[in-house]
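Participant: Structure for this input, please:
(2 chains)
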Amino acid sequence: MMIEVNEKIAIEHGLKSEEYKKICDLLKRTPNFTELGIFSAMWNEHCSYKSSRLHLKKLHTKGEQVIQGPGENAGVVDIEDNDAIVFKIESHNHPSFIEPYQGAATGVGGIMRDVFTMGARPIANLNSIHFGSTDHEKTRNLLRGVVKGIGGYGNCIGVPTIAGQTCFDESYNGNILVNAMTLGLVNKNKIFYSKAAGVNKPVIYVGSKTGRDGIHGASMASAIFDDKIEEKKPTVQVGDPFTEKLLLEACLELMAGKSIISIQDMGAAGLTSSSIEMASKGDLGIKIDLTKVPCREENMTPYEIMLSESQERMLIVLEEGKEKEAKKIFDKWNLDFAVIGKTTDSKNIELFFKNEKVAEIPIDFLAENAPMYDRKWIKSELPKENSFSKEQFKSLKLGECLNKILQDPNISDKEWIWNQYDHTVMGDTIQKPGGDAGVVRVHGTNKAIAAAVDSSATYCNAHPLTGGKQVVCESWRNMISVGAKPIAITNCLNFGNPEKEKNMGEFVECVEGISEASKYLNYPVVSGNVSFYNETKDKGIKPTPSIGGIGLLANYKKMITMELKNNGNYLFVIGKTEGHLDQSVFAKNILSKSEGPPPEVNLFNEKQNGLVILNLINNNLIETCHDVSLGGILTALSKMSIKGNKGVNIFPINGLINKFQYFFGEDQGRYIIEIKPENLENVEKILKNDSIHFDKLGLVEDYEINYGNDLKISIDDIKQGYKKWLREYMVS
Amino acid sequence: MKSSVIIFPGSNCDRDMDVALKKFGFKNQMVWHNDDEIPKSDLIVLPGGFSYGDYLRCGSIAGKSKIIKSVIDFANSGGLVLGICNGFQILTETGLLPGILQQNKYLNFICKNVFVKIKNKENKYFKNIKKDILELHIAHNEGNYFCSKDELKLIEDNNQIAVTYCDQEGNDNEANNPNGALKNIAGIFNKDKNILGMMPHPERMIDPFLSGEDGSLFFENLIGSL
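Facilitator: Reported below is the predicted structural model:
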């Protein structure tokens, strides 16, 4: 009872009518229903990157530290002594909006599989999550569900969640973002790739059984939401972290031997994309007997088996004759193991079911011949600067402004979230969430890896090119602030509908900005993904590239943290403060202004300032470092005070700008550092020698932040507001 | 001194425990849940994690696993058995320790540092620890200890409460109870004090770069008292 394929059915599969025509032309016949399903899965935006491919080529992806750039399951960078870090960030936005717990959980599961597929043991998880306005009726439940889902999966596997980022903005009311990142550790000579090699090699299916869950998940992720999204619930996959833990251990055990030729996890578009990618990269064909696929449900059709997105499954091409040895390992871990096919030299994918051939497609058609679009886009103009009058600041009080900013949802403390994530399992977490970056030791060595995720949708929305640059710089600063040398980044590009010129322009220019900054800073992009169509009923999200950065500490004992340490120590601001208020938290919260350009990014200063700080840290000359970002100097200082339970006596500022501009401006490339009196002279000398701009900000003292007659506020007071906002929001 | 850490499918603190035991001088070996017996040991540890996924009640399937009979025999013959977190849950499931561990009162997983007060030092686990209050780390979703009134009376009469959640000064009241545990109980002994089940993870607090160092005191004492 094969369903007759026609254009209408193709369109229901998310294909455009010209794409359907192209399929018929390529095949020189009408595809059958299973083949149509395969085409639609491989040709959708999520798998084919058809709107983004052209522009992603512009990303800066090279560097001597790069072992593997984009195009594999994850990127790989060298961290010396034969160690390498495998890492990647990936979106799971659409499923998380429909079913927050499972959507987020399987997002974490999926990214961990991408990493251990390459032979690496995951050592840290991170995430970047964006929700709608805090007044929106769905926000609370979505946040609760997503946090529980991320925790539920990561905690069970036993991989620490060491850092993350949470933002609220009304543009995410109908499309939340859940971006999950994993880092794994691997011996650089024992990395596994997805490229198959050799003919007649057995193709092995391992892991969970295949069910009907997640069928067409990748197509859903490439579609715009409407009022009927609830109907899509059945396309959300269900996670089983326990099975993933077993799969992780079993795969690493098998990888210790020499039987694997290539391995690929079954992620988006399941068996379809994994088998096709392996064969395509190896320039081979593949033959699969679908009757042999372990199924959880009865009477599954070839179409369903090929498109299921059941979780915790892997496809492996083994050396001939190694099946028994491999099966023994999977038996030990109680996982399914089935030889389902073999590699061929036909360069076609051939599917059999109950002794009948049910599909045959040249692999080229699905991979290389997939559509690629040069979509129209428009350039964004840099908005005009606001000119603020004296009147606007006249009635403002520093303390009141500060308190308000510290309780802003995007600034306030996120402990309620990360206390639900196991961040200490594996016994190597030396910097917990809540700092500039999470840091884990490389087990059994003196090295440590810092990692953080950043996004700045407000800046990207105001001017995508600047925003793209800024977010890379912010990530770089987070590495520097803990004493890590920045190594590389992974990016998750969350955007609206690429068929709209404005959205496409945002994408193109953000990518350009990311590329420019990462090239200048030698901070290459080694992996990532693109999530388009984050749009509900015609309203798209703000352009939101999330940047996951990693850095290396050669000696973890040199790591520093952001909390203020000792009375009498000096505080300096590194980098010039020009008082840029447009697009700042201050402008939005206090002046109710949301127009204007984002702060300018000066890559030269950014690099100089960062390198000098690394130098100071490596020479043990500073005690504390924190980068100045959202909310400016006073916000950064308050967070340092709250964490260290210390106050600050701030010196009078001089210059042409007023105190609000100085304390809340969001100029880039700045850090606050803490210096012991005995190191003062030395630090000043180094800064002057390197022509680094710095301001003497103040002295560390007890209990209060003071600024002449303008500000006198106790740490307990600001702490209360800063710490309570999210907790109270979640129980109200 | 020889120790054995049992690995169940889903255990995830097994390596951390192995690292800690070896750091303080134990000759540790890892034992697979499907093994028939446990090699000769002075201490058996059931580590934290999510044994068999904990999809049923936490620890319930591990409590019926193949290896567990050997653990019970060892414990009943007076051997030292330590269960941390999921290991504690497993020990209550086997009946070696009284009571149960329910879901945390506020229904969330909690990962943070806590203080615990040592309630009984007349045992090998805490004998020579000079401090009365330790800073340890918890990471669990089901650490809310509960038992019947009669059981509690027996536990108290036999001084079986090992550690209670408290503040820095040692006040073990409701304000310092992270998960709703009865009487702030964070860990208990069996009647003979050779079995200890405890929610906090001492193995995560064994060097100054981690969350703290009070876990070191625990392991130093343990190897010293064997």
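Participant: Name the residue of chain B that lies nearest to chain A.
Facilitator: residue B:12 (2.4 Å; CB to the nearest CB). (C-beta placed from N, C-alpha, C; glycine too.)
Participant: low-confidence ranges in the stretch 501-650 of chain A?
Facilitator: Nowhere does the stretch 501-650 of chain A drop to pLDDT under 70.
Participant: Which residues of it lie near chain B?
Facilitator: Counting by CB under 8 Å from any CB of the partner chain, the stretch 501-650 of chain A comes close to chain B at A:556-557.
Participant: what are the ranges of the strands in the stretch 501-650 of chain A?
Facilitator: A:525-531, A:535-536, A:539-540, A:544-553, A:570-574, A:624-627, A:647-650 (DSSP state E, counting those that start in this stretch).
Participant: now for the last one, which elements pack on it?
Facilitator: Counting contacts by 3 or more CB pairs under 8 Å, 6 or more residues apart in numbering or on different chains; DSSP states H and E, the secondary-structure elements packed against strand A:647-650 are helix A:632-644, strand A:694-701, strand A:704-707.
Participant: roughly how far is the very next helix or strand once past that strand from the heart of the chain?
Facilitator: Downstream of strand A:647-650, the first helix or strand assigned by DSSP states H and E is helix A:659-664. Centroid separation for helix A:659-664 versus its chain: 32 Å, with CA atoms, centre = their mean, to the nearest Å.
Participant: Could you name the helices and strands sitting against helix A:659-664?
Facilitator: helix A:398-406, helix A:585-589, helix A:632-644.
Participant: Any stretches of chain B with poor pLDDT?
Facilitator: By pLDDT under 70, chain B has no low-scoring segment.
Participant: Ok, chain A next?
Facilitator: In chain A (pLDDT under 70), the answer is A:1-2, A:216-235.
Participant: thinking again about what came up before, which residue comes closest to the residue of chain B closest to chain A once chain neighbours are left out?
Facilitator: Once flanking residues are discounted, residue B:12 sits nearest to residue A:158: 2.4 Å by CB to CB, 6 or more residues apart in numbering or on different chains.
Participant: residues in contact with the one you found?
Facilitator: Residue A:158 makes contacts with A:245, A:422, A:425-426, B:12-13, B:49-50, as judged by CB atoms under 8 Å, 6 or more residues apart in numbering or on different chains.
Participant: How about residue B:164?
Facilitator: By CB under 8 Å, 6+ apart, the residues touching residue B:164 are B:116-117, B:119, B:172, B:183-186.
Participant: partner strands of the helix or strand where it lies, parallel or antiparallel?
Facilitator: For residue B:164, the element it lies in under DSSP H and E is strand B:161-166. For strand B:161-166, the paired strands and their directions (DSSP bridges) are strand B:110-118 (antiparallel), strand B:185-189 (antiparallel).
Participant: what's the most buried one of the strands of the stretch 501-650 of chain A?
Facilitator: strand A:544-553 (a mean of 29; mean count of other CB atoms under 10 Å in any protein chain shown).
Participant: Quick one: distance of it to the chain centre.
Facilitator: 8 Å.
Participant: And for stretch B:65-75?
Facilitator: That offset, for stretch B:65-75, works out to 17 Å (CA atoms, centre = their mean).
Participant: which residues sit in contact with the residue in the stretch 201-350 of chain A positioned nearest to chain B?
Facilitator: Nearest residue of the stretch 201-350 of chain A to chain B: residue A:242, at 2.9 Å (CB to the nearest CB). Residue A:242 sits next to A:156, B:9-10, B:50, B:52-55 when contact means CB under 8 Å, 6+ apart.
Participant: Tell me how far residue A:31 lies from residue A:349.
Facilitator: Distance check for residue A:31 against residue A:349: by CB to CB, to the nearest Å, it reads 12 Å.
Participant: Looking at these two, which is more packed in?
Facilitator: residue A:349 (26 against 21; other CB atoms under 10 Å in any protein chain shown).
Participant: contacting residues for the more buried one?
Facilitator: Contacts of residue A:349 by CB under 8 Å, 6+ apart are A:38, A:275-276, A:279, A:285-286, A:288, A:359-361, A:363, A:366.
Participant: make it 6 Å
Facilitator: A:276, A:286, A:361, A:363 (CB atoms under 6 Å, 6 or more residues apart in numbering or on different chains).
Participant: count of residues packed around the third one?
Facilitator: In other words, residue A:361. Residues near residue A:361, counting by other CB under 10 Å: 21.
Participant: Can you name the residues bridging to it?
Facilitator: Bridge pairing for residue A:361 - DSSP bridges - gives residue A:349.
Participant: Now do the helix or strand where residue A:182 lies: everything it contacts.
Facilitator: Under the criterion of DSSP H and E, residue A:182 resides in strand A:177-187. Outside strand A:177-187, the residues within contact range by CB under 6 Å, 6+ apart are A:82, A:84-87, A:89, A:91-93, A:96, A:104, A:107-108, A:111-112, A:115, A:119-130, A:146, A:451, A:453, A:492, A:494, A:546, A:548.
Participant: who's in contact with the lengthiest helix in chain B?
Facilitator: Criterion DSSP state H: the longest helix present in chain B is helix B:214-225. By CB under 6 Å, 6+ apart, the residues outside helix B:214-225 that reach it are B:1, B:20, B:24-25, B:124, B:127-129, B:134-135, B:202, B:205-206.
Participant: With stretch A:445-457 instead?
Facilitator: By CB under 6 Å, 6+ apart, stretch A:445-457 touches A:124, A:126, A:128, A:163, A:165, A:181, A:183, A:437-441, A:467, A:470-471, A:474-475, A:478-479, A:482, A:484, A:542, A:544, A:546-551, A:553, A:555-556.
Participant: Give the buried residues for that stretch.
Facilitator: Neighbour counts over stretch A:445-457 (16 or more other CB atoms under 10 Å in any protein chain shown) mark A:445, A:447-457 as buried.
Participant: Identify, from those residues, the entry nearest to residue A:414.
Facilitator: Among those, residue A:453 lies closest to residue A:414 (CB to CB), at 12.5 Å.
Participant: Is the closest one bridged to anything, and to what?
Facilitator: Applying DSSP bridges to residue A:453 gives these bridge partners: residue A:548.
Participant: That one and chain B, how far apart?
Facilitator: Distance, residue A:453 to chain B, using CB to the nearest CB, to the nearest Å: 19 Å.
Participant: One more: residue A:392?
Facilitator: Distance from residue A:392 to chain B, by CB to the nearest CB: 42 Å.
Participant: Pick out the residue of the stretch 451-600 of chain A closest to chain B.
Facilitator: residue A:556 (6.7 Å).
Participant: Count the residues that sit near that residue.
Facilitator: Residue A:556: 22 neighbours (other CB under 10 Å).
Participant: Can you tell me, leaving aside adjacent residues, what's nearest to it?
Facilitator: Nearest to residue A:556 is residue A:448, by CB to CB, 6+ apart, at 3.7 Å.
Participant: ok, that neighbour to residue A:189 distance?
Facilitator: 22 Å.
Participant: Same check on residue A:685?
Facilitator: Taking CB to CB, one finds residue A:685 at 44 Å from residue A:189.
Participant: Give the buried residues for stretch A:274-282.
Facilitator: Buried, per 16+ other CB under 10 Å, within stretch A:274-282: A:274-282.
Participant: Using JSON lines, lay out those together with distance to residue A:667.
Facilitator: Shown next, in JSON lines, are the buried residues of stretch A:274-282 (distance: CB to CB, whole Å):
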{"residue": "A:274", "distance to residue A:667": "47"}
{"residue": "A:275", "distance to residue A:667": "51"}
{"residue": "A:276", "distance to residue A:667": "49"}
{"residue": "A:277", "distance to residue A:667": "45"}
{"residue": "A:278", "distance to residue A:667": "49"}
{"residue": "A:279", "distance to residue A:667": "52"}
{"residue": "A:280", "distance to residue A:667": "47"}
{"residue": "A:281", "distance to residue A:667": "46"}
{"residue": "A:282", "distance to residue A:667": "51"}
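Participant: of those, closest to residue A:17?
Facilitator: Using CB to CB, the buried residues of stretch A:274-282 come closest to residue A:17 at residue A:276, 23.6 Å.
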